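# sharing a model that was predicted from the sequence below.
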Amino acid sequence: MKIIPASDSSLLVVFGNAISPALHERVIGLFHSFQTRHDPRIRNLHPGYASLLIDFDPLRLTHDELTSVVQQLALAGDSAVDRRANVVTIPVCYDIEFGPDLLDVSQHAGLSQEEVVRLHSSPTYLVYFLGFSPGFAYLGGLPEVLHTPRLATPRPSIVGGSVGIAGSQTGIYPVDSPGGWRLIGRTPLRMFDPEATPPTRLQPGDRMKFSPIDRATFEDISRRADARLA
Amino acid sequence: MTIRVAKPGLFTTVQDLARYGYAHLGISPAGAADPLSFRIANLLVGNDEDENVPALEMTLLGATLEFEGSAIVALTGASCECKAGVAPVPINAAFDLPAGATLKCGSMTTGARCYLSVQGGFDIPLVMGSASTLVAGHFGGFKGRRLQIGDVLHVRQRASYRVRSLRPGALDSLRAPRPLRVTKGSQQEWFGPEAFEKLFSSAYIVSEQSDRKGLRLKGEAVRPRERSELLTDGIPLGAIQVPQDGQPIILFVDQQTTGGYPKIANVIAADIHRVGQLRPRDEVRFAEVSIAEAVQALGEQERWLREIFVS
């Protein structure tokens, strides 16, 4: 573990330099330890693949004080954290209208479109962290055969809920935004709702699965209240 | 009391002192780009600072606003020619506007952002504890977006406020040109002495592609010792990241919470307000300070803010 002052108001705790569930478990362990402390001097926590950035008020807490807190919490280990294994299921309609790049992905993989859908919806993915935009989850666990380069030219606008693949990553666009991911489907669920508590459907450290649904089910869920976040 | 937007200006949003506690959900803090001018605006009209009262942030070209009722108003930050009807109004001082007045804020001549506070503050529902607009997330502030023609903002009315005034010349030190002070960044080890030498000796120009997410700079390219992939990690406010072309980007209040480019340096908290006043084509220089010096500068700035008002 390396502790680096990233700025006068933040500390970066680096656990390693690889994308691995084991390193990530330590990131999430420390993240949860800080979350449960509710220290008003801490402003923000940014988990990454193998690091945790801690923003704080430097007039109320020093880098040295925070460093010793980090060391204590890391020593206490993950045992201090009661982490329920949250598995979130996200229904996805892999209709060609929602997944205009499904054909590209299947050709790139040398598989049928049905095979792509089956492979994409079979793993239990790990939510490494959220970033890029509100509610955007970086997921680990995309089968290697589905790795597909992103579009050469990004689309100027993508509908919120769209599911895509970019390189070794898969993810869901939570809000309407531009983007260069290959789109393969869409979820009727809202992934981000600023009025909800919590405002995002996924949290760092969650596990998640995609569950294929047909067009009628997509429309049905869209109309129902449970498309919203609580 | 209500205020109607007759002209929104170039980019006017409701802001306060940022939304903390949600970065792990990908939600950046937003908030006033020049928090110092924002706080001075609120203090001038007597808005208790702890209430963190929402104000308007106008960018490069100010708004024209119609006041339905009378109000006590202050403008701070960038110098901007503002008129109530045909009469010029002061900057950095509270003033009365009669009912029916039209306040017209023009182009900003020096600085990029002007803050408009109203006694009582704008009545804005809090989202995740803050009134700040995060335009990229379509939430916060006024309907999650910049102001448009015809928008009607409500002002809170409360009794017994004490208007403050500034000591003469109190803000002169703010606008004196000097380098942005930085500390070394998260990936400082990626960069050799020649990269830091370039960063600290060159002048950079703020490009037109600069906004609340980040300020793109043009000048001497700064490159890491070797090209390798950075695992995406958290981005502190004011981080100076270096993409492959070597042209630094200062990541700002609406930035992404995580990123994959190495961060060579970081603007100190006491100079963030200066970043908020940088205009396209402005020249920027950087000077290195230690973390201890940066924290000391922030403490001094807080004391300074208490001393600039006539008691």
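Now that the structure is in, tell me what you want to look at.
# could you use CA atoms for every contact and neighbour count after this?
OK.
# okay, now the closest residue to residue B:130 other than its chain neighbours: neighbour count?
Once flanking residues are discounted, residue B:130 sits nearest to residue B:19: 5.3 Å by CA to CA, 6 or more residues apart in numbering or on different chains. Close neighbours of residue B:19, defined as other CA atoms under 10 Å in any protein chain shown, add up to 25.
# would you confirm that residue B:19 contacts residue B:52?
No: at 11.1 Å, residue B:19 does not count as touching residue B:52 under the criterion of CA atoms under 8 Å.
# quickly list what's touching both of the two.
When CA atoms under 8 Å, 6 or more residues apart in numbering or on different chains defines a contact, no residue borders residue B:19 and residue B:52 alike.
# which of the helices and strands in the chain ranks last by mean pLDDT?
If you meant another chain, say so; for now it's chain A. Counting by mean pLDDT, DSSP states H and E, the weakest-scoring helix or strand in chain A turns out to be strand A:177-179, with a mean of 88.
# the intended chain is chain B.
helix B:172-175 (a mean of 86).
# still on that earlier bit, give the next helix or strand downstream of the least confident helix or strand of chain A.
strand A:182-186 (DSSP states H and E).
# tell me the secondary structure for the spatially most distant residue from the centre of chain A?
Most distant from the centre of chain A: residue A:59, at 32.2 Å, with distances by CA atoms, centre = their mean. At residue A:59 the chain is in coil, as set by DSSP: H, G, I helix; E, B strand; the rest coil.
# how about the residues of chain B by chain A?
Within chain B, the residues that sit near chain A (CA under 8 Å from any CA of the partner chain) are B:20-28, B:127-128, B:136-137, B:139, B:183-186, B:231-236, B:239, B:256-259, B:265-269, B:291-292, B:294-295, B:298-299.
# change it to 7 Å
B:20-27, B:127, B:137, B:139, B:183, B:185-186, B:231-234, B:236, B:256-258, B:266, B:268-269, B:291, B:294-295, B:299 (CA under 7 Å from any CA of the partner chain).
# may I have stretch B:90-107 as CSV, with CA atoms only?
Extracted as CSV, the C-alpha positions of stretch B:90-107 are listed here (Å, rounded to 0.1, in the frame of the first residue of the first chain):
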residue,chain,number,x,y,z
PRO,B,90,-21.5,49.3,-8.4
ILE,B,91,-19.5,46.1,-8.4
ASN,B,92,-18.3,44.6,-5.1
ALA,B,93,-20.9,46.5,-3.1
ALA,B,94,-24.5,45.9,-2.1
PHE,B,95,-27.1,48.1,-3.7
ASP,B,96,-30.9,48.5,-3.7
LEU,B,97,-33.0,47.7,-6.8
PRO,B,98,-36.6,49.1,-6.8
ALA,B,99,-39.5,47.0,-7.8
GLY,B,100,-39.8,46.7,-11.6
ALA,B,101,-36.1,47.4,-12.2
THR,B,102,-34.2,45.8,-15.0
LEU,B,103,-30.6,44.8,-14.2
LYS,B,104,-28.5,44.5,-17.4
CYS,B,105,-25.1,42.9,-17.0
GLY,B,106,-22.8,43.3,-20.0
SER,B,107,-19.6,41.7,-21.3
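# so how far is that stretch off the chain centroid?
21 Å (CA atoms, centre = their mean, to the nearest Å).
# repeat that for stretch B:280-292.
16 Å.
# give the buried residues for stretch B:244-251.
Using 16 or more other CA atoms under 10 Å in any protein chain shown as the test for burial, stretch B:244-251 gives B:246-251.
# er, stretch B:127-145 I mean
Here stretch B:127-145 shows B:127-128, B:130-142, B:144-145 as buried, counting by 16+ other CA under 10 Å.
# ok, and what's touching that stretch?
Here stretch B:127-145 makes contact (CA atoms under 7 Å, 6 or more residues apart in numbering or on different chains) with A:134, A:194-195, B:13-16, B:18-19, B:30-31, B:54, B:124-125, B:254.
# and if you look at stretch B:300-311?
Counting by CA under 7 Å, 6+ apart, B:164-167, B:170, B:270 sit against stretch B:300-311.
# hmm, try it at 8 Å
B:40, B:164-167, B:170-171, B:270.
# pLDDT, distance to residue A:109 and secondary structure added to those residues, as CSV?
Listed next are these as CSV, based on pLDDT from 0 to 100; distance: CA to CA, whole Å; DSSP: H, G, I helix; E, B strand; the rest coil:
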residue, pLDDT, distance to residue A:109, secondary structure
B:40, 96, 59, helix
B:164, 94, 68, coil
B:165, 96, 69, coil
B:166, 97, 68, strand
B:167, 96, 70, coil
B:170, 94, 66, coil
B:171, 95, 63, coil
B:270, 98, 52, helix
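# weed out the non-buried ones from the residues you listed.
The buried subset of the contacts of stretch B:300-311 (16+ other CA under 10 Å) comprises B:40, B:164-166, B:270.
# where does residue B:80 land in three-state SS?
strand.
# for it, report the pLDDT, please.
Predicted confidence (pLDDT) for residue B:80: 91.
# not counting sequence-adjacent ones, nearest residue to it?
residue B:108 (4.3 Å).
# quick check: closest non-adjacent residue to residue A:222.
Residue A:222 sits nearest to residue A:188 (CA to CA, 6+ apart), 5.2 Å away.
# could you measure from that neighbour over to residue A:194?
Look at residue A:188 and residue A:194: by CA to CA, to the nearest Å, they are 17 Å apart.
# between these two, point out the one with more neighbours.
residue A:188 (24 against 18).
# quick one: residues contacting that one.
A:91-92, A:161, A:218-219, A:221-222, A:227.
# in the stretch 1-150 of chain B, what residue lies closest to chain A?
The stretch 1-150 of chain B approaches chain A most closely through residue B:26 (4.0 Å), counting by CA to the nearest CA.
# isn't that residue right next to residue A:174, touching?
No: with contact defined as CA under 8 Å, residue B:26 does not count as touching residue A:174 (10.6 Å).
# okay, and the common contacts of those two?
Joint contacts of residue B:26 and residue A:174 (CA under 8 Å, 6+ apart) are A:133-136.
# from residue A:151, how far out is the residue lying closest to residue A:164 once chain neighbours are set aside?
Of all residues beyond its chain neighbours, the one nearest residue A:164 is residue A:183 (4.1 Å), with distances taken as CA to CA, 6+ apart. Distance of residue A:183 to residue A:151, given as CA to CA: 10 Å.
# and those two? Which one has more around it.
Per other CA under 10 Å, whichever of residue A:183 and residue A:151 has more neighbours is residue A:183, with 30 against 16.
# separation between the more buried one and chain B?
Distance check for residue A:183 against chain B: by CA to the nearest CA, to the nearest Å, it reads 21 Å.
# what's near enough to touch residue B:273?
Contacts of residue B:273 by CA under 8 Å, 6+ apart are B:33-37.
# of those residues, which belong to helices?
B:35-37 (DSSP state H).
# now those in TSV, with neighbour count?
Listed next are the ones in helices among the contacts of residue B:273 as TSV, based on neighbours: other CA atoms under 10 Å in any protein chain shown:
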residue	neighbour count
B:35	21
B:36	22
B:37	27
